[in-house]
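Colleague: With the input below, show me the fold.
(one chain, ligands or ions: 2)
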Amino acid sequence: MARTGVKRSNWIGRVLLVDLLAGLRLTLGYMVSKTVTHHYPDYEKWVPYQRHRGHHFIKTNEEGEVNCVACELCSKICPCDCITVIPFENEKGDRRPKVFDINLARCLYCGLCEDACPADAIKLGQEYEVATHHRGTLVVHLEDLVKAPGKAGNGGVVRPATLDRNGGLRSVTRTRPKDAGLDWWSRIRRER
Ligand code: SF4
Ligand code: SF4
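Modeller: Ligands and ions are numbered 1, 2, ... in the order given. So this is what the prediction gives:
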């Protein structure tokens, strides 16, 4: 009896073109909804959430000295063996890194180096554009890590950006007056 009921409803559905109409309704809904396409990298750039683990940076203190005490814990804990630290003692008798290199081609952005650091020196930031044509440039040095962008004030937003064609093909975010980032979620077509 139940099987007969299902067969009848399938037959009625076919006659009334229910599936076709449901498909057309979905297609037309997308045609009139807002676009969610990112104009990346020329006009917009996604800023990931603060918890994102991207390009590393090294923090400095008020005197401009790196927080790193060259203890090598990050290098020892790194599962990819991609951190090289060579310590030296400065004129104040403080231990500091003479060499601090990270091979980003090997890094898997696990964040263990950040967790192990006792001096709150190394962090993983929100920068993710590390693509390059030259493998050698993926080995970043102490000065690169000090200059690397730190944590952005916010995340989970799309910001106006411009592709920096001369500076390593990266998309650089622009700030407009009163720009607090575009709310990405308001641009999603429909709630799921
Ligand atoms: S994020 Fe992980 S793989 Fe990358 S340098 Fe740190 S410990 Fe090594
Ligand atoms: S970044 Fe932190 S864990 Fe790594 S050598 Fe410096 S102080 Fe030690």
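
Colleague: Only C-alpha atoms from now on, for both contacts and neighbour counts.
Modeller: Fine.

Colleague: Buried residues in stretch 144-155, which are they?
Modeller: In terms of neighbour count (16 or more other C-alpha atoms under 10 Å), stretch 144-155 has its buried residues at Asp144, Leu145, Val146, Ala148, Pro149, Gly150, Lys151, Gly155.

Colleague: Over to stretch 118-133?
Modeller: Ala121, Ile122, Lys123, Leu124, Gly125, Gln126, Glu127.

Colleague: same check, this time on stretch 65-77
Modeller: For stretch 65-77, the neighbour count (16+ other C-alpha under 10 Å) marks Val66, Asn67, Cys68, Val69, Ala70, Cys71, Glu72, Leu73, Cys74, Ser75, Lys76 as buried.

Colleague: so what pLDDT did the last one get?
Modeller: If you check Lys76, the pLDDT there is 97.

Colleague: how about it, phi and psi?
Modeller: phi -70, psi -40 (degrees, to the nearest 10).

Colleague: for the helix or strand that contains Lys45, packing partners?
Modeller: Per DSSP states H and E, Lys45 falls inside strand 44-47. With contacts defined as 3 or more C-alpha pairs under 8 Å, 6 or more residues apart in numbering; DSSP states H and E, the packing partners of strand 44-47 are strand 157-164, strand 170-173.

Colleague: Can you tell me which of the ones you listed has the worst average pLDDT?
Modeller: When I compare the helices and strands packed on strand 44-47, strand 170-173 is least confident, with a mean of 71.

Colleague: CA atoms only: put that strand into CSV for me.
Modeller: What follows is strand 170-173, C-alpha atoms only, in CSV (Å, rounded to 0.1, in the frame of the first residue of the first chain):
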residue,chain,number,x,y,z
ARG,A,170,51.3,40.6,-3.0
SER,A,171,48.0,42.2,-2.5
VAL,A,172,48.3,45.1,-0.1
THR,A,173,45.3,46.2,1.9
